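Student: quick check, what structure comes out for this input:
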Amino acid sequence: MARYKHIDVSPRFLAVDLKRQLLPGTFEHALDHLLDHEIDLSGLDARFRNDETGATAYPPAMLLKVILFAYSQGIVGSRGIERACCEHVIFIALCGDTAPHFTTLAGFVSTLGDEVARIFSQVLYICERQGLIGREMFAIDGVKLPSNASKAKSGTRADFERQAVKLEAAAKTMLERHRAEDDKPLEPGLAVKEAKRIERLERDAAQIRGWLAKHPQERRGVKGSIRKSNRTDNESAKMATSKGVIQGYTGVAAVDGKHQIIVEAQAHGTGSEQELLVPVVTAMKDVLAQNSLITADAGYHSEENLKQLAAMKVDALIADNLMRSRDERFATQDRHQQAPDPLYDKSRPEKKRTTYQPEDFTYDADAHTCVCPAGKSLYGHGSHCLTNGRISVRFQGAQRDCVPCTHRERCLRTPEKTKTRQVAFFQGKAANTPESHTDRMKKRIDTPEGRVLYGQRFATVEPVFGNVRYNKGLDRFTLRGRTKVDAQWKLFCLVHNIEKLAHHGYAQ
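Tutor: Numbers count the residues shown, from 1 in each chain. Here you go, the predicted model:
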């Protein structure tokens, strides 16, 4: 029988050169060199006022090294990072065997604020110096992630007012019942439980009243519509995803097509991607070149967005919701779709039509006649009506036919108010209607060249989200408030960019 040397993995004291643990070509080596020799952290140094008095502080460069390396390993919690700084040799090498406390790490991340944006831009400059940014095509997309906020504490001011009234009424009822039974013997444990429950109800109601007093106005969207507030994190938002509704933020990234470098990263407390396109493009103005092309999916498409991009003279390819239906390559896409998971399928069943639609009427364009499902002829109500730039032919039924008709319940939405049915058949756009930005975008994206250019979007931006979410383990934001969440999202994007630098031979 073969004999082998005994492999002893028990704890021991070893003489270790910490600097040599950061091997050239690795992420940690590139990170260490970058923050020690390239990045200006004077903005973080200016926070300290302990030149003559006060305790010594941990160097911001060291804290940033530890946090970025922890994020690259999928460790997000500050307690886990502190434990790694005591046990993992790479963490020990990066922190110089100082093992910062978890409160120091958490406080550093939560107070980075706008400083992380300056660090992000400096790393971008180094990426460009290394030739990793092509400036030819940029793909913009976003990912919705839950945050450190309770979905159950979302609602409008009216919802919170109703909750407070309900809690106060429940507490009052329990208190009255408790007083009415004072003369009856009760179990000591039961009385204590009732008292604690009354106290909890009153405390919850007081918290809601206090929140309403601090926030006298409703939270509103860009167009003035009321958005649900959240008492845990009022800058987060309820957002619909394929896995259901979450309370969180949308992390947006603009990715360069050459080597998938993230050139802009922002986090917003809204699920509407249309409002995020222009802010991201505006922030990219220093990166865009004369011939740069921006691509985005249908979630960012709107006439107003295309109009603003045209005013900014930004070349873009943004798909509309019907782009694939016009592309013959997607004619058989339904057969490749995965069946919905019954555990996560949140789609609503298709509603049955309750009234007759225009296709239920028999329309003869040559004879200019229209017959309703009941077999009655409608008379022409207009042959060249203009609706939103589209020409339509309209017909209306006669009162002698519609009023006694047995199909009124299926023909009219409000048969008790409406006497006759009207129907319109659209013929297309009017000849003198000016071409919209959406029409021009459809024509361009449907060309062979447009399809090839837009097809590069998916392979540019989706692998980035796969790396950040799956490889780096970002499944939720751990902070509250848009400023803090935005900083954490930028930190993860920094990890991705520094990893690209390491893979392309930086600091070797």
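Student: so Met62 is in which element?
Tutor: helix 60-72 (DSSP states H and E).
Student: mean confidence score for that helix?
Tutor: Averaged over helix 60-72, pLDDT sits at 95.
Student: so that it lines up with my notes, have the first residue be 33 from now on.
Tutor: Fine by me, first position is 33 from now on; the one you just mentioned is helix 92-104.
Student: name the helices or strands packed onto the following helix or strand past that helix?
Tutor: On the C-terminal side of helix 92-104, the nearest following helix or strand under DSSP H and E is helix 110-119. Contact here means 3 or more CB pairs under 8 Å, 6 or more residues apart in numbering; DSSP states H and E; on that basis helix 110-119 packs against helix 92-104, helix 121-127, helix 134-142. The C-beta positions use only the backbone N, C-alpha and C, and glycine is treated the same way.
Student: out of those helices, flag the one nearest His368.
Tutor: Of all these, helix 92-104 sits nearest to His368, with 34.6 Å by CB to CB.
Student: show me the strands in the stretch 383-532 of the chain, by range?
Tutor: If DSSP state E, counting those that start in this stretch is used as the criterion, the strands of the stretch 383-532 of the chain fall at 394-396, 401-403, 409-419, 422-428, 454-461.
Student: worst average pLDDT in those?
Tutor: Looking at those, the bottom one is strand 409-419 with a mean of 82.
Student: report the angle between it and strand 422-428.
Tutor: For strand 409-419 against strand 422-428, the angle by axes from the mean of the first three to the mean of the last three CA atoms, to 10 degrees is 150 degrees.
Student: now strand 409-419, how far from the centre of its chain.
Tutor: On the basis of CA atoms, centre = their mean, to the nearest Å, strand 409-419 sits 45 Å off its chain's mean C-alpha point.
Student: put the alpha carbons of it into PDB.
Tutor: What follows is strand 409-419 as a C-alpha-only set of coordinates in PDB (Å, rounded to 0.1, in the frame of the first residue of the first chain):
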ATOM      1  CA  SER A 409     -76.000  49.300 -41.300                       C
ATOM      2  CA  LEU A 410     -74.200  52.300 -39.800                       C
ATOM      3  CA  TYR A 411     -74.000  55.600 -41.500                       C
ATOM      4  CA  GLY A 412     -70.800  57.500 -42.200                       C
ATOM      5  CA  HIS A 413     -69.800  59.900 -39.600                       C
ATOM      6  CA  GLY A 414     -66.600  61.200 -41.200                       C
ATOM      7  CA  SER A 415     -64.200  59.900 -43.900                       C
ATOM      8  CA  HIS A 416     -61.000  61.800 -43.200                       C
ATOM      9  CA  CYS A 417     -60.900  62.300 -39.500                       C
ATOM     10  CA  LEU A 418     -57.500  63.100 -38.000                       C
ATOM     11  CA  THR A 419     -56.600  61.600 -34.600                       C
END
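Student: by contact count, what packs against that strand?
Tutor: strand 401-403, strand 422-428, strand 454-461.
Student: related to what we said a few turns ago, for Ala297, find the nearest of the strands of the stretch 383-532 of the chain.
Tutor: Per CB to CB, nearest to Ala297 of these: strand 454-461, 39.9 Å.
Student: now that closest one, how far from the centre of its chain.
Tutor: Worked out by CA atoms, centre = their mean, strand 454-461 lies 38 Å from the chain centre.
Student: which residues touch that strand?
Tutor: 390, 393, 395, 397, 402, 404, 410, 413, 417, 419, 421-429 (CB atoms under 8 Å, 6 or more residues apart in numbering).
Student: tell me the buried residues in it?
Tutor: Neighbour-count burial for strand 454-461, with 16 or more other CB atoms under 10 Å as criterion, is recorded at 455-456.
Student: equivalent analysis for stretch 143-162, please.
Tutor: 144, 147-149, 151-152, 155-156, 158-160.
Student: for these, which one is nearest Asp318?
Tutor: Ranked by distance to Asp318 (CB to CB), those are led by Leu156 at 9.2 Å.
Student: these two touch, right, that closest one and Val319?
Tutor: Yes. The pair Leu156 and Val319 qualifies as a contact (CB atoms under 8 Å) at a distance of 7.4 Å.
Student: overlap of the contact sets of these two?
Tutor: 165, 295.
Student: all helices for the stretch 283-432 of the chain, in order.
Tutor: Using DSSP state H, counting those that start in this stretch, the helices of the stretch 283-432 of the chain run over residues 309-315, 335-343, 355-358, 431-434.
Student: deepest of the ones you listed, which one?
Tutor: helix 309-315 (a mean of 18; mean count of other CB atoms under 10 Å).
Student: so what does that helix touch, helix or strand wise?
Tutor: strand 169-178, strand 276-288, strand 294-300, helix 335-343.
Student: can you redo the ones you listed as JSON lines with distance to Glu226 and mean pLDDT?
Tutor: JSON lines is the format used below for those (distance: least, CB to CB, whole Å; pLDDT from 0 to 100):
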{"stretch": "strand 169-178", "distance to Glu226": "35", "mean pLDDT": "94"}
{"stretch": "strand 276-288", "distance to Glu226": "32", "mean pLDDT": "93"}
{"stretch": "strand 294-300", "distance to Glu226": "44", "mean pLDDT": "95"}
{"stretch": "helix 335-343", "distance to Glu226": "57", "mean pLDDT": "93"}
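Student: among the ones you listed, which is nearest His65?
Tutor: Here strand 294-300 is closest among the helices and strands packed on helix 309-315 (CB to CB), at 20.2 Å.
Student: which helices and strands does the closest one pack with?
Tutor: Checked by 3+ CB pairs under 8 Å, 6+ apart, strand 294-300 has strand 276-288, helix 309-315, helix 514-535 packed alongside it.
Student: returning to that earlier point: list the ones among the buried residues of stretch 143-162 that fall in helices.
Tutor: Restricting the buried residues of stretch 143-162 to those inside helices, with DSSP state H as the criterion, leaves 147-149, 151-152, 155-156, 158-160.
Student: pull the most distant pair out of those.
Tutor: Most distant of these, by CB to CB, are Glu147 and Glu160, 20.9 Å apart.
Student: which one of the buried residues of stretch 143-162 is nearest to Leu523?
Tutor: Val148 (6.3 Å).
Student: residue contacts, that closest one?
Tutor: Taking CB under 8 Å, 6+ apart, we find Val148 in contact with 519, 522-523, 526.
Student: quick check: Asp236 vs Gln195, distance?
Tutor: 8 Å (CB to CB, to the nearest Å).
Student: show me where pLDDT drops low in the chain?
Tutor: Per-residue confidence for the chain (pLDDT under 70) gives these ranges: 214-220, 372-385.
Student: pick the most deeply packed of the helices and strands packed on helix 309-315.
Tutor: strand 294-300 (a mean of 25).
Student: show residues contacting that strand.
Tutor: Outside strand 294-300, the residues that reach it (CB under 8 Å, 6+ apart) are 152, 156, 165, 170, 281-288, 307-308, 311-312, 315-316, 319, 496, 509, 514, 517-518, 520-522, 525, 528-529.
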